[in-house]
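**Student:** just coords:
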């Protein structure tokens, strides 16, 4: 069924459930079982100071570059907010049928990410564990709220982009650490995120067949105000600038490696039969991508000029 008459949230969930079931089967066939403990160098661990009277943490305990440590903390704190994410998607998609099975499976898979990254950071002494725990408490106390409420298509559009963005952030963070163990761990985490992206991307593709104008509006809205789920982390703006300057995740990657590939899969600029709002959303999407191109180019120019000044001072 294809319609330009707006479908209710309940109708969307019902119509998409067979697609959820089919993609759940595909996901379960493709997903590989893995164990967080296998990716942690336990033999490198030492007792910390505190109740067991070990050695206090020192910045000299790790050779990982400072910006990579920042990215690792941002990545982990983002994963830590899983209870809030579960609440949001369970509220939007429901806990019954194929939707509910997916919600719980996704949550279980995501839970491994925080476990593995925290164990690695603690054992390798890559970051201050006291500061990390305080940051976790602050971030989780703030929670996470889906800015699009319980809108099914907006939520699907957001996670389609967000899962790919997270995959890229994890992979690039691993490379930036210069640590083979960390890179292997984050590559494993990124592989999960990629499968999650494919699941959501396929659902949104089906949504374009079902309700093209509603799907186009959802995509345009999400692209226009996209924020990473770690946006609520204390000091996120400063941290994200450092991460962007290091080339771990920046506007260029967001536009060219996240938005463009997903939008191309949906063939958004060739979707026809749109109503007035759908056509307006399609045009807005094109303009926003042009604006992002200009913003990314400006950022790259400023970053290059900054690096040139640093190199000149050091020469």
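**Tutor:** Cool, got the structure. Given the structure is predicted, the values throughout are model-derived calculations rather than measurements. Residues are numbered from 1 along each chain as shown.
**Student:** Check the burial of the spatially closest residue to residue 42 that is not a sequence neighbour by counting its neighbours.
**Tutor:** Leaving aside its sequence neighbours, residue 42 sits nearest to residue 123 (Cβ to Cβ, 6 or more residues apart in numbering; 6.0 Å). (Glycine included, C-beta is placed from N, CA and C.) Taking other Cβ atoms under 10 Å as the neighbour definition, residue 123 ends up with a count of 16.
**Student:** Please apply the same query to residue 94.
**Tutor:** 16.
**Student:** Is it in contact with residue 13, as I believe?
**Tutor:** Yes: using Cβ atoms under 8 Å, residue 94 is in contact with residue 13, at 6.5 Å.
**Student:** if we can go back for a sec, which helix or strand contains the residue nearest to residue 42?
**Tutor:** helix 97-124 (DSSP states H and E).
**Student:** Tell me the buried residues in that helix?
**Tutor:** Residues of helix 97-124 classed as buried: 98-99, 102-103, 105-107, 109-110, 112-114, 116-124 (neighbour count, 16 or more other Cβ atoms under 10 Å).
**Student:** sorry, back to before: separation between the residue nearest to residue 42 and residue 45?
**Tutor:** 4 Å (Cβ to Cβ, to the nearest Å).
**Student:** cool, residue 93 as well?
**Tutor:** 39 Å.
**Student:** From the neighbour counts alone, determine which of these two ranks first.
**Tutor:** The neighbour comparison of residue 93 against residue 45 (other Cβ under 10 Å) goes to residue 93, with 24 against 14.
**Student:** how about the nearest residue to the more buried one, chain neighbours excluded?
**Tutor:** Closest to residue 93 by Cβ to Cβ, 6+ apart is residue 99, at 4.4 Å.
**Student:** Hmm, residue 19 and that neighbour touching each other?
**Tutor:** No: with contact defined as Cβ under 8 Å, residue 99 does not reach residue 19; the gap is 10.4 Å.
**Student:** Just list the residues touching residue 90, thanks.
**Tutor:** 100, 103 (Cβ atoms under 8 Å, 6 or more residues apart in numbering).
**Student:** can you tell me how far it sits from residue 107?
**Tutor:** According to Cβ to Cβ, residue 90 and residue 107 sit 8 Å apart.
**Student:** Could you pick out the longest helix of the protein?
**Tutor:** For the chain, the helix with the greatest residue count under DSSP state H is helix 276-314.
**Student:** and that one, what does it pack onto?
**Tutor:** Here helix 276-314 touches helix 212-224, helix 236-245, helix 251-253, helix 260-266, going by 3 or more Cβ pairs under 8 Å, 6 or more residues apart in numbering; DSSP states H and E.
**Student:** Quick check: which of those is nearest to residue 131?
**Tutor:** helix 236-245 (12.9 Å; Cβ to Cβ).
**Student:** who's in contact with the closest one?
**Tutor:** 67, 70-71, 73-74, 169, 228, 230, 233, 249-251, 299, 303, 306.
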